[in-house]
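S.K.: Model the following, please.
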Amino acid sequence: VFGIKAGAAGGGYAQVLPMADLNLHFTGGFPAIGAANNLLAAMLDNHIQQGNALGIDPKRITWKRAVDMNDRQLRHIIDGLGGEKQGVPREDGFDITVASEIMAVFCLATSITDLKERLARIIVGYPYDGKPVTAHDLKAEGAMAALLKDALKPNLVQPLEGPPAFVHGGPFANIAHGCNSVQATALAMKTGDYAITEAGFGADLGAEKFLDIKCRLAGLKPSAVVIVATVRSLKYNAGIPFAELTAENLEALEAGLPNLLQHVGNIKNVYKLPCVVAINAFPTDTDAELELVQAKCRELGVNAVLAQHWAKGGEGAIALAEEVVRVCEEESNEDFSFSYELEGSIED
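M.R.: Just a heads-up that it's a prediction; the model follows:
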């Protein structure tokens, strides 16, 4: 919240409420995840202090503590100081809470039982010899699951215009799978005619992990994929300095478009799913630039629709919604496939 990325509740007329509560402590999910993370860290260090029956090498501990704050000073620390009764001195560090493996495990869990089993398999370090040490070896998974039992329930919020939305979980896509919880998605599909969920980062990262990891695990089969693009970002892909992105530049836009078109091609040709491009509108976009993006997308058999939800709320997203509904009804997802098979090799 207080870092450069700021909050995660949208903006303009496209935001969920209550924004302040959602971005700060919300319903206590992040504190619960941090507590479960740090309980495991405490049990690990206590095991070493109390005789180290598992023979854990303090120099090969992989589990870090967590704090919900961008505190650079805590990334790499020495702890366990103060003498024999205060612990074993070693190198340690803090991850931010959303970067904890527990956040990823939490969002992939289909039930409290599944969560407990996933927590048990977390590797915390390595012994002087033998197999990796897990949370189960420390008998930690039950207590960790108990801390997370209420946090596992999806949070119901409302956008400005009142429709329901679930905000639940949030692992980073660069180190985890970048999607909200399986349970929130399942609940949305059960209670709504259309369930829309976001995959973090670009289509080459967030969408890939959503489709290959989350959909595979949860048995999901998307009816369509919406790729969000901006004219400014496409010009930036072509090397235009940030300060010059507001000026019309069709040459730069055309040079940056292959980035978007590759994403579209991946969705259509690799995953074999229907696709829509949403052009997230900015006031500086010109008609010529918008028409160029739409024309290039049409060449791949995909419609690019102007989305003005930030400025106009739901009214500004009607055209996009209508195109998504059309694609869901008229195009098939029967050929949906993953980009790799689980039994494949790294080389494959």
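S.K.: how about the helix or strand bottoming out on mean pLDDT in the chain: buried residues?
M.R.: Ranked by mean pLDDT, DSSP states H and E, the weakest helix or strand in the chain is helix 19-23, scoring a mean of 82. Neighbour counts over helix 19-23 (16 or more other C-beta atoms under 10 Å) mark 19, 22 as buried. The way it works is simple: take the backbone N, C-alpha and C, and place the C-beta from them, glycine included.
S.K.: Now tell me what touches that helix from outside.
M.R.: 1, 7-9, 16, 157, 167 (C-beta atoms under 8 Å, 6 or more residues apart in numbering).
S.K.: which SS state does the residue nearest to Gln308 when sequence neighbours are not counted fall under?
M.R.: Leaving aside its chain neighbours, Gln308 sits nearest to Gly316 (3.2 Å; criterion: C-beta to C-beta, 6 or more residues apart in numbering). On the three-state scheme (DSSP: H, G, I helix; E, B strand; the rest coil), Gly316 is labelled helix.
S.K.: returning to what we had before: and the two most separated of the contacts of helix 19-23?
M.R.: Val1 and Val157 (15.9 Å; C-beta to C-beta).
S.K.: Neighbour count: those two, which is higher?
M.R.: Legend: neighbour count by other C-beta atoms under 10 Å for Val1 and Val157, higher for Val157 (19 against 14).
S.K.: The more buried one: what's its closest spatial neighbour, skipping adjacent residues?
M.R.: Per C-beta to C-beta, 6+ apart, closest to Val157 is Val16, 4.8 Å.
S.K.: Wait, Ala317 touches Trp310, no?
M.R.: No. Here Ala317 lies out of contact with Trp310, judged by C-beta atoms under 8 Å, at a distance of 9.5 Å.
S.K.: and for these two, which residues touch both?
M.R.: Joint contacts of Ala317 and Trp310 (C-beta under 8 Å, 6+ apart) are Ala14.
S.K.: Those two - which one has more neighbours?
M.R.: Ala317 (20 against 17).
S.K.: Distance-wise, check the nearest residue to the more buried one once chain neighbours are set aside relative to Glu347.
M.R.: Residue nearest to Ala317 in three dimensions, not counting chain neighbours: His309, with 4.2 Å by C-beta to C-beta, 6+ apart. Between His309 and Glu347 the computed distance is 43 Å (C-beta to C-beta, to the nearest Å).
S.K.: Which parts of the protein are strands?
M.R.: Secondary structure of the chain (DSSP state E): strands at 10-11, 14-17, 56-61, 65-67, 77-79, 90-92, 94-96, 123-127, 133-134, 155-159, 165-167, 225-229, 275-280, 304-307.
S.K.: Go through these and find the least confident stretch.
M.R.: Mean pLDDT is lowest for strand 10-11 among these, at a mean of 86.
S.K.: quick one: contacts of that strand?
M.R.: The contact list for strand 10-11 (C-beta under 8 Å, 6+ apart) reads 16, 159, 310.
S.K.: Pull up the pairing partners for that strand, direction included.
M.R.: Its sheet considered, strand 10-11 pairs with strand 14-17 (antiparallel) by DSSP bridges.
S.K.: And the contacts of the partner strand?
M.R.: Under the criterion C-beta under 8 Å, 6+ apart, residues 9-10, 22, 157-160, 165, 167, 309-310, 313, 317 lie in contact with strand 14-17.
S.K.: If we use 7 Å, what do you get?
M.R.: Contact partners of strand 14-17, identified using C-beta atoms under 7 Å, 6 or more residues apart in numbering, comprise 9-10, 22, 157-160, 165, 167, 309-310, 313.
S.K.: now stretch 66-77
M.R.: Contacts of stretch 66-77 (C-beta under 7 Å, 6+ apart): 2-3, 30, 34, 37-38, 92-97, 100.
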